[in-house]
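>>> Sequence and predicted structure below; questions after.
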Amino acid sequence: MEISALYHFPVKSLQGHKCKSLPLDRFGASNDRRWMLVDDDNQFVTQRRLRAMAQLKATAIPQGVRLENAEGERIEIHQPGPEAALRIVRVWHDDVSARDAGDSAAHWLSEQLQTPLRLVAMGEEFSRPLEAPRADRQVGFADAAPLLVISQASLDDLNSRLAEPVSMLRFRPNLVVSGCEPFAEDRWKTLTIHTHDGSVVFDCTHPCARCGIPGLHPFTGRAQKEPLRTLASYRRWEDGQIYFGMNLAPATAGTIGDNNPVTIHLGDRVEIS
């Protein structure tokens with residue numbers, strides 16, 4: 001088994017991109033989902049609410065993030081410093097501290113998406129612990145865990161049932177693994193990646209329950225019946241949720257961080273237990 005694809009999403013629920021390597025830090029993939037849109041009530045905003053977010057591309061740059069629309073219009077936003085306004089924002093049931101990215105970013109995004117919005121970023125004071133028993137580990141603005149993995153075989157199985165295949169971008173994983181059976185990830189307990197920096201072990205914390213976003217075209221936001229209709233026919237579990245992919249967290253706190261840099265590359269060998 002090996003890493004066959006890597007994805008990076010700098011701003012939660014905006015377009016991301018494929019990459020050849022993925023540096024990690026204690027929150028997950030470096031610069032991944034470290035920015036987020038919020039409304040006037042400081043509630044997080046995603047494609048579930050604003051489908052047009054799928055039309056905006058986000059790319060991490062050394063000074064912050066670059067946002068670009070489908071016409072090529074763009075804005076570059078600097079990482080807000082300690083002087084930036086501090087906001088208490090909500091991600092699902094978590095209230096966390098974030099730094100406001102300024103009026104220029106807010107104006108550009110509000111115009112693009114035709115609704116009042118602010119852009120916020122994780123600052124040095126940011127803290128969002130995972131649920132017990134992993135409360136000593138952290139997650140950024142991602143929904144539930146630092147990383148998401150999906151096997152290529154799972155997507156291939158889904159596409160074999162569809163009239164028109166869909167891309168992995170529908171499911172927004174960080175890691176794609178090849179060399180296993182479809183949906184083998186449902187049963188994984190730990191995942192070990194043998195990187196150039198050494199081996200790193202992840203807990204497979206819980207399968208990923210899917211919302212409506214896989215039913216939105218990843219570049220236009222247009223709603224479609226597939227692939228969720230087909231997934232529901234064979235991936236709906238007893239709790240009524242549709243599952244596709246596995247959430248990951250470092251198996252031990254402190255194994256990844258400033259003093260323990262780790263970068264995942266395409267082709268890195270993967271072992272599971």
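Thanks, I have it.
>>> could you pull out the strands for the stretch 1-150 of the chain?
Assigned by DSSP state E, counting those that start in this stretch, the strands in the stretch 1-150 of the chain fall at 2-8, 17-19, 21-25, 28-29, 35-38, 44-45, 57-61, 64-68, 74-78, 86-91, 94-100, 118-121, 147-151.
>>> and residue 260, which of those strands is closest to it?
For residue 260, the closest of the strands of the stretch 1-150 of the chain is strand 21-25, at 9.2 Å, according to CB to CB. Placement of C-beta: from N, CA and C, glycine included.
>>> What pairs with that closest one, parallel or antiparallel?
strand 28-29 (antiparallel), strand 262-265 (antiparallel) (DSSP bridges).
>>> helices and strands around the longest helix seen in the chain, which ones?
Of all the elements of type helix in the chain, the one with the most residues (DSSP state H) is helix 103-113. On a contact count with 3 or more CB pairs under 8 Å, 6 or more residues apart in numbering; DSSP states H and E, helix 103-113 meets strand 64-68, strand 74-78, strand 118-121.
>>> Residue 128 touches residue 139, doesn't it?
Yes - at 5.4 Å, residue 128 counts as touching residue 139 under the criterion of CB atoms under 8 Å.
>>> Comparing those two, which shows the higher neighbour count?
residue 139 (23 against 17; other CB atoms under 10 Å).
>>> Please name the residues that touch the more buried one.
The contact partners of residue 139, by CB atoms under 8 Å, 6 or more residues apart in numbering, come to 27, 28, 128, 129, 130, 145, 146, 249.
>>> okay if I get these as JSON lines plus distance to residue 262?
Shown next, in JSON lines, are the contacts of residue 139 (distance: CB to CB, whole Å):
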{"residue": "27", "distance to residue 262": "13"}
{"residue": "28", "distance to residue 262": "11"}
{"residue": "128", "distance to residue 262": "20"}
{"residue": "129", "distance to residue 262": "21"}
{"residue": "130", "distance to residue 262": "18"}
{"residue": "145", "distance to residue 262": "17"}
{"residue": "146", "distance to residue 262": "12"}
{"residue": "249", "distance to residue 262": "14"}
